[in-house]
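A.B. asks: Quick one, structure for this:
(one chain, ligands or ions: 1)
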Amino acid sequence: MNDAAIHARDLRKSYRSHQALKGVSFDLEPGQMMALLGHNGAGKTTLMKLILGLIQPDTGTLSVLGGVPSDPRQRQQLAIGYLPEQVSLYPQLTGEELLTYFADLRGVSRSRVGELLAELDLAPFACRPVGQYSKGMRQRLGLAQALLGEPRLLLMDEPTVGLDPNSSAYLYHCLNQQVARGCAVVVCTHELTLIEPHFHHALIMAQGQVMAAGDLATLRTAAGLKTRIALADPSDRISRDNQLAPLWDEASQSLWVSPEHKARTIARLTGIHGLLDFTVTAPSLPDVYHHHQSRLGAAL
Ligand SMILES: Nc1ncnc2c1ncn2[C@@H]1O[C@H](COP(=O)(O)OP(=O)(O)OP(=O)(O)O)[C@@H](O)[C@H]1O
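C.D. replies: So this is what the prediction gives:
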């Protein structure tokens, strides 16, 4: 018995002669958020459909919350919440009516409706027709329907598309609350900067394969990307320092150092040269992502 929320090993899936997944493996633990990343056609939707049990893998092992999602009887029991990219909500119903409708449909107590409206800051709009909701409110209502059954795994497909910065931040705040109660969350997104502060584990996919996986520190190290130390006033001290000079880039007025040399370089700047006015920028998730995409482009 595996305790992982998702345990995937060597998943393969073809549509006729096209191999959409070519051996995908990963684990997602309860209380963790996974960023599912990749260009169009990378295989993300296929992976989501496998997790939801909508399609079956050709080969490989997939266990979701300890069950087999493609088995119809097991799927019914699995506490999975799903928010698709295009949520269709009946515009003439109020938020409360809509959630009540879904609650009845799924045999969930109606008391959950009030709880979720309050939790997602929708209580003041509960009696307003959904057709009059803003995009951010509609997305929170979509999340509320996904949370009705108190899922232990939540799948979100492009949840922040079209949302303003405040609404996106609030949505991640809501997702973090789910993570804090032990729910595993998968977010499929192209909005890398938005998910960067929140994810625990990323799966970067391309052409049906996993290009890179892990937390941000692991991804940075694996990609071999350097940290930038931008100096406000380098004077000529750097060019006269044998250890720092090779790291210096004139165009960016910065030192570029590998993760293992970062602490030593900063100690040298402050201790030996007395320089304190600098900013340290580690590679971001978009940097890591673009590194892999350009590596792939070069290999083609
Ligand atoms: N039902 C299908 N029949 C045939 N080919 C398909 C089918 N579904 C997906 N594919 C192909 O499989 C590959 C992976 O598709 P998938 O939808 O999983 O990618 P994706 O990463 O979700 O892309 P996007 O970001 O555009 O949604 C693509 O080349 C796609 O054209």
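
A.B. asks: Please see if the host helix or strand of Leu155 touches the ligand.
C.D. replies: Take DSSP states H and E as the rule and Leu155 turns out to sit in strand 153-157. No. Judged by CB under 6 Å from any ligand atom, strand 153-157 makes no contact with the ligand; its nearest approach is 8.3 Å. Where C-beta positions appear, they are placed from N, C-alpha and C, glycine not excepted.

A.B. asks: Show the subsequent helix or strand relative to that strand.
C.D. replies: Assignment by DSSP H and E places the next element after strand 153-157 at helix 165-180.

A.B. asks: Please list the outside residues in contact with the next helix or strand after that next one.
C.D. replies: Remark: after helix 165-180, the chain's next helix or strand is strand 184-188, criterion DSSP H and E. Counting by CB atoms under 8 Å, 6 or more residues apart in numbering, strand 184-188 makes contact with 5-6, 28-37, 44-45, 48, 51, 152-159, 175, 178-179, 195, 199, all of which sit outside it.

A.B. asks: just the angle between the strand holding Leu155 and helix 165-180, please?
C.D. replies: Calculated by axes from the mean of the first three to the mean of the last three CA atoms, to 10 degrees, strand 153-157 forms an angle of 160 degrees with helix 165-180.

A.B. asks: quick one: buried residues of strand 153-157?
C.D. replies: Within strand 153-157, the residues scored as buried using 16 or more other CB atoms under 10 Å are Leu153, Leu154, Leu155, Met156, Asp157.

A.B. asks: for it, packing partners?
C.D. replies: Under the contact criterion of 3 or more CB pairs under 8 Å, 6 or more residues apart in numbering; DSSP states H and E, strand 153-157 touches helix 44-52, strand 80-83, helix 135-147, helix 165-180, strand 184-188.

A.B. asks: picking that back up, let's have the buried residues of strand 153-157 in TSV, adding pLDDT.
C.D. replies: Compiled in TSV, these are given as follows (pLDDT from 0 to 100):
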residue	pLDDT
Leu153	97
Leu154	97
Leu155	97
Met156	96
Asp157	95
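
A.B. asks: and which of those is nearest to Thr227?
C.D. replies: Here the nearest of the buried residues of strand 153-157 to Thr227, counting by CB to CB, is Met156; it sits at 30.7 Å.

A.B. asks: mind checking how far that closest one is from Gly53?
C.D. replies: The gap separating Met156 from Gly53 is 17 Å, by CB to CB, to the nearest Å.

A.B. asks: Go ahead and confirm Ile195 touches Leu175.
C.D. replies: No. Ile195 lies out of contact with Leu175 (CB atoms under 8 Å); the separation is 9.4 Å.

A.B. asks: Mutual contacts of the two, please.
C.D. replies: Met33, Val187.

A.B. asks: The two: which is more packed in?
C.D. replies: Shown here are Ile195 and Leu175; by other CB atoms under 10 Å, Ile195 has more neighbours (24 against 20).

A.B. asks: which residues sit in contact with that one?
C.D. replies: Contacts of Ile195 by CB under 8 Å, 6+ apart are Met33, Ala35, Tyr172, Val187, Thr189, Leu285.

A.B. asks: If you drop the residues flanking it in sequence, what lies closest to it?
C.D. replies: Nearest residue to Ile195, sequence neighbours excluded (CB to CB, 6 or more residues apart in numbering): Ala35, at 4.8 Å.

A.B. asks: so which helix or strand takes in the one you found?
C.D. replies: Per DSSP H and E: strand 33-38 holds Ala35.

A.B. asks: host element of Arg9?
C.D. replies: Judged by DSSP H and E, Arg9 forms part of strand 6-15.

A.B. asks: so does that strand get close to the ligand?
C.D. replies: Yes. Applying CB under 6 Å from any ligand atom, one finds strand 6-15 touching the ligand at Tyr15.

A.B. asks: Please work out which residues outside that strand touch it.
C.D. replies: Here strand 6-15 makes contact (CB under 8 Å, 6+ apart) with 19-28, 43, 46-47, 50-51, 55, 57-64, 153, 184, 186.

A.B. asks: Specify the angle between it and helix 44-52 in degrees.
C.D. replies: 120 degrees.

A.B. asks: quick one: buried residues of the following helix or strand past strand 6-15?
C.D. replies: Once the chain leaves strand 6-15, the next helix or strand it forms, by DSSP H and E, is strand 18-28. Within strand 18-28, the residues scored as buried using 16+ other CB under 10 Å are Gln19, Ala20, Leu21, Val24, Phe26, Asp27, Leu28.

A.B. asks: by contact count, what packs against the lowest-mean-pLDDT helix or strand in the chain?
C.D. replies: Least confident helix or strand, the chain: helix 72-77 with a mean of 78, by mean pLDDT, DSSP states H and E. The contact analysis (3+ CB pairs under 8 Å, 6+ apart) places helix 72-77 against no helix or strand.
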